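Asker: Sharing a sequence plus its predicted fold:
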Amino acid sequence: MRLRRALLTLVSLNTDFSTGTSGDWPVATSILTDSRSQRPALVIRPTKGWVALNIRELWNYRDLLWILIVRDLKLLYKQTALGAIWVVLQPLMAAVIFAVIFGLFARLPSDGVPYLLFVFCGLTVWTYFSHALQRAGNSLVSASQLISKVYFPRLIIPLAHTLGAIVDLVVTFAVLLVLMGIYGYMPSLRLLVLPAFLLLMISTATGVALWFSALSVKYRDCGSALPYFVQVWMYASPVIYPVSMVPAQWRPLYALNPVVGFIEGFRWAVLGRSAINTHILGITIIMSVLALMTGLFFFRRVERRFADFI
Amino acid sequence: MTEVALSIENLSKSYQIAHERNGAANYRTLHDEIVGLPRRFLRLFDTKGRPTVETFWALKDVSFEVKKGEVVGIIGRNGAGKSTLLKILNRITEPTSGIANIYGRVGALLEVGTGFHPELTGRENIFMNGAILGMTRAEIRRKFDEIVAFAEIEKFLDTPVKRYSSGMYVRLAFAIAAHLDPEIILVDEVLAVGDAQFQSKCLGKMEDVTRTEGRTALFVSHSFGAVSQLCATTIWIDNGVIRRAGPSSNVIADYMTTGAQRGEVIWPEGTSNRGVTELKLYSACVRNSDGSVSSTVESTKPFSVEIEYEITRPLWNLRVGFFLRTSAGGYVFDSHDADDPEFRSGRDPGHYTAFCHIPGNLLGPGTYLISLNAGIYNVGNLAREENTLVLEVVNSSARGAISPRGGVIQPQFTWKQEVRDVRESSFIH
């Protein structure tokens, strides 16, 4: 009905123009006459299907990315009593609880490393992962004001969170080093491999966060499903138990969870115990690249409809 | 040969509006989708049971072209498609079809202060908001002092903006946006905020940017005064199509007499305040002292404004009323039913008509625009229809020989006179 009315107005519009005063503006007539000589800086038209990532535009907005990272960090600990101590306290408390329950009562094995150190090592990786996912997962919905009013590459919003969580990771890592000192563990040269693991970790976290954040624009319950998803994922990863506890025949399937590779690799690099398994490592690399690429392209594909749904 | 800054061809944007059963919210949940799967599958074989999805064209085949340095105003009723057009040009949303070629960097001022974070200080917000609008940190640093000076917030730079007064907030937001250096500026309704003094400062800045610096601008506004001051040409958009385009004065005059025209507006079922289910506006009108619907009233005679609406669920603290502005955009007054304590409690679902009696000898001759408003004070807006009714106040013939008075309001006050010592009478009674 609305459409018919619009069309009717369109028809009546034509007559309106023919009777319009001569001084009026020529509308929709020879538009292309002299605009052909210039090249438009920007062409806006409907896009279909998959779109390129447009890394260059992302690069142009790197200042915004940086400012958002700094902003989120400032906001996270503004008007809190303990401030940045929370970054340390959260994994430390969890590690102590796990150490009491799983290490002391359940007596889970820990590859010969003191259980508290073992679990804190796993939690260092895991805390980054869960923080990155949870903050980035709901980031688009909380930024709905911005998305519906201002243009900028939407990727920046979840990226700012997954990259911002690295600061937490660094602080937790420092605490881990202190713990190692207390238990008399010396870091070895293997630490040099750590950045490579971190890169894989960030790429996986970003990929998964992109899926969640993009889906939560259309499906709000993604936001409430996320904490459960994260919790289940933690128990499916070797945070509180070593990989050696998983039956050998299940390990290839188990390795599909990229976090398995990160935590094992992390423990190998930091504590120098759990042996690195090249099969698991290979699968981890493939999975994390896959997560990032599918996340990026899926995000770009649905991004154009964000403002309409949000 | 003048260069083109912007050329738009057959730009259209449609939205799918699903008719909701049981008044669910606008977004879907994953649960809905999964539970609905078998039903959708069954529906493939049953053409009759398809959900009723209506296509709504927010914009339909809009084409125009703007030359470099031209400032074009865009007017039209709420929901006519003006904001959709700017959103497409600013790449916030994609067109459904059509193409727009833009020759230069676009900067937009769609709503001031959207990128502000209340917990951050003024200084931090300047950097963040500037970056959101597309400036680099180096650029912002270069313009920083200028922005601070324009906003007049030097003393409060390191105070969180949540402690700012609303005036300071708006000033800062406008200052940042105004100091962007885009070649093409898109402006939507931003001048409607702030006090009168700041509004004129903003208007001055807009004039500077466009006239002196020769930037191209598209300017959406309900303030015809601002449009005619800033823009040589104006486009009137109605129901998603260009109704008329030409010299501003002609188009505005046309709009006032034919578009928003009459003293009565009727919304066909569900076309008012889209997206709100609690309250629906049905109609509104101006009724003169004879009891007939007319946009023309005499300045000395009383008239009434009537608003018919429906409430679908009990609402507390609802207020329904209107804002009255001069045709140049000057705010004369607003009045709501809840101004009267009698209408301040809860309201049950039902069909209502609100009558507002306005005495004679109040408004001076001229054209006024009435914007309807319904909402819950301090909670949220349910309906806002800008400039829906036009009120034409004319001089009463009864006034005859007495010289016309000036002023937006022309009340009749009570005067008294004390006379002492009258010497002699020169008038014959």
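Answerer: Arrived safely. Source: prediction; values computed, not measured. Residues are numbered from 1 along each chain as shown, chains lettered A, B, ... in the order given.

Asker: give the contact list for the residue nearest to residue B:152 when sequence neighbours are not counted.
Answerer: The shortest distance from residue B:152 to any non-neighbouring residue, by Cβ to Cβ, 6 or more residues apart in numbering or on different chains, is to residue B:171 (6.3 Å). To be clear about C-beta, it is placed using only N, CA and C from the backbone, and glycine gets the same treatment. Shown in contact with residue B:171 (Cβ atoms under 8 Å, 6 or more residues apart in numbering or on different chains): B:150, B:151, B:152, B:153, B:194, B:198.

Asker: Correct me if wrong: the first one contacts residue B:179.
Answerer: Read that as residue B:150. Yes. Counting by Cβ atoms under 8 Å, residue B:150 touches residue B:179, with 7.2 Å between them.

Asker: Specify which residue of the two has the higher count of neighbours.
Answerer: Neighbour count, other Cβ atoms under 10 Å in any protein chain shown: between residue B:150 and residue B:179, residue B:179 has more, with 23 against 19.

Asker: Which residues of the stretch 101-250 of chain B lie near chain A?
Answerer: B:101-106, B:108, B:110-111, B:114-115, B:117, B:119-120, B:124, B:127-128, B:131-137, B:233, B:238-247, B:250 (Cβ under 8 Å from any Cβ of the partner chain).

Asker: Of these, which belong to strands?
Answerer: Taking DSSP state E as the definition of strands, these contribute B:101-102, B:106, B:108, B:233, B:238, B:241-247.

Asker: Reformat those residues as a markdown table; add neighbour count, distance to residue B:85 and pLDDT.
Answerer: Formatted as a markdown table, those follow (neighbours: other Cβ atoms under 10 Å in any protein chain shown; distance: Cβ to Cβ, whole Å; pLDDT from 0 to 100):
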| residue | neighbour count | distance to residue B:85 | pLDDT |
| --- | --- | --- | --- |
| B:101 | 23 | 15 | 93 |
| B:102 | 23 | 13 | 91 |
| B:106 | 24 | 13 | 84 |
| B:108 | 26 | 12 | 77 |
| B:233 | 19 | 15 | 92 |
| B:238 | 20 | 12 | 85 |
| B:241 | 23 | 11 | 91 |
| B:242 | 26 | 10 | 92 |
| B:243 | 23 | 13 | 90 |
| B:244 | 23 | 15 | 89 |
| B:245 | 22 | 13 | 92 |
| B:246 | 21 | 18 | 92 |
| B:247 | 17 | 20 | 92 |
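
Asker: Okay, now the unreliable bits of the stretch 51-200 of chain A?
Answerer: Within the stretch 51-200 of chain A, the ranges that satisfy pLDDT under 70 run A:79.

Asker: ranges for the strands of it?
Answerer: Applying DSSP state E, counting those that start in this stretch to the stretch 51-200 of chain A gives no strands.

Asker: Tell me the helix or strand right after the helix or strand residue B:167 falls within.
Answerer: Assessed by DSSP states H and E, residue B:167 sits inside helix B:166-178. Remark: after helix B:166-178, the chain's next helix or strand is strand B:184-188, criterion DSSP H and E.

Asker: list the contacts for the spatially closest residue to residue B:379 that is not a sequence neighbour?
Answerer: Among residues not flanking residue B:379 along the chain, residue B:317 sits closest, at 7.3 Å (Cβ to Cβ, 6+ apart). With contacts taken as Cβ under 8 Å, 6+ apart, residue B:317 has the following neighbours: B:338, B:344, B:346, B:376, B:377, B:379.

Asker: Mind doing that once more with 10 Å?
Answerer: Residue B:317 makes contact with B:338, B:344, B:345, B:346, B:347, B:375, B:376, B:377, B:378, B:379, according to Cβ atoms under 10 Å, 6 or more residues apart in numbering or on different chains.

Asker: residues near residue 132, how many?
Answerer: As the question left the chain open, I've gone with chain A. So residue A:132, with other Cβ under 10 Å, has 26 neighbours.

Asker: Can you look at chain B instead?
Answerer: Around residue B:132 there are 22 residues (other Cβ under 10 Å).

Asker: What of residue A:206?
Answerer: Residue A:206 has 25 nearby residues by other Cβ under 10 Å.

Asker: Against chain B, how distant is it?
Answerer: Distance from residue A:206 to chain B, counting by Cβ to the nearest Cβ, to the nearest Å: 21 Å.

Asker: swap in residue A:217?
Answerer: Note on residue A:217: its distance to chain B, by Cβ to the nearest Cβ, is 9 Å.

Asker: Over to residue B:313. Which of the three states is it?
Answerer: Classification of residue B:313 using DSSP: H, G, I helix; E, B strand; the rest coil returns coil.

Asker: Could you pick out the residues of the stretch 151-300 of chain A near chain B for me?
Answerer: Contact residues, the stretch 151-300 of chain A versus chain B (Cβ under 10 Å from any Cβ of the partner chain): A:151-152, A:156, A:215-222, A:224-225.

Asker: Looking at residue B:422 now. What's its pLDDT?
Answerer: pLDDT for residue B:422: 79.

Asker: what do you get for residue A:33?
Answerer: We have a pLDDT of 40 for residue A:33.

Asker: again, but for residue B:139
Answerer: In this model, residue B:139 is scored at 89, pLDDT.

Asker: just residue B:315 next, same as before
Answerer: Residue B:315 is given a pLDDT of 88.

Asker: Check the gap between it and chain A for me.
Answerer: On the measure of Cβ to the nearest Cβ, residue B:315 and chain A end up 25 Å apart.

Asker: So what's the residue count around that residue?
Answerer: Other residues near residue B:315 come to 19 when the count uses other Cβ under 10 Å.

Asker: any idea what sits nearest it, other than its immediate chain neighbours?
Answerer: For residue B:315, the spatially nearest residue (Cβ to Cβ, 6+ apart) is residue B:347, at 5.3 Å.
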